[in-house]
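>>> After the sequence you'll find the predicted model.
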Amino acid sequence: MPQIAWQKDIEAALQQSRGSGMPVLLDFSAAPA
Amino acid sequence: MTTHFIPVKVHIKEQKKVFDRFGALWTPTQIVLDADGEERHRIEGFLPVEDFLAQLELGLGKRQFQHQRFGDAERLFRAVCTGHPKSGGAPEACYWAGVAAYKNTNDPKHLGATGELLKTRYPDSEWARKASVWSKEES
């Protein structure tokens, strides 16, 4: 299974979303990275 | 997942402000956001894979619905309703598939059919109870 390239910067992701039209999936976690 | 979403992971210890900003109550929580930062769908708590995938599709459908792309929304909701029929999100997806079909066509037969489908397939779900008013109107 391919690794998911998770981002950490929500604002950068929203900006990317505005450009691509793709929604953001925000994953809140307490698990160790 | 990355073909449909821009994935962002937020760790409670590293970015507590983001938890507070979006009112996350518990982990894991996933939120589908539009480009303007508006929340379209929220998944709280762990889910097995099929349930999780169904919830993601449900979120994509709600987003399309919000943008009044009712044909696309119906297709996504229907994919959950028929493609993940045993998932916890299936009754909700069937409900919204019917609503999207109605909004797309203005034909109330979609509501009646959805009420019947939910009554038959998921009689104990709250979505069947919500849709029961449509069945009654048709009878």
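Looks like it came in fine.
>>> My guess is B:Val80 contacts B:Glu57. True?
Yes: B:Val80 lies in contact with B:Glu57 (Cβ atoms under 8 Å); the separation is 4.8 Å. Every C-beta, even on glycine, is put in place using the N, C-alpha and C of the backbone.
>>> Relative to chain B, how far out is the spatially most central residue of chain A?
Per Cα atoms, centre = their mean, the C-alpha nearest to the average position across chain A is that of A:Gln7, at 4.6 Å. Applying Cβ to the nearest Cβ, to the nearest Å, the value for A:Gln7 to chain B is 5 Å.
>>> what do B:Val80 and B:Glu57 both touch?
Counting by Cβ atoms under 8 Å, 6 or more residues apart in numbering or on different chains, the shared contacts of B:Val80 and B:Glu57 are B:Ala93.
>>> hang on, the earlier thing: in contact with the residue nearest to the centre of chain A, which residues?
A:13, B:6-9.
>>> How about B:Ile6?
B:Ile6 neighbours (Cβ under 8 Å, 6+ apart): A:7, A:13, A:16-17, A:20, A:22-25.
>>> For B:Arg121, which residues are in contact?
B:85, B:91, B:94.
>>> where's B:Leu60 relative to chain A, distance?
Relative to chain A, and taking Cβ to the nearest Cβ, B:Leu60 is found at 7 Å.
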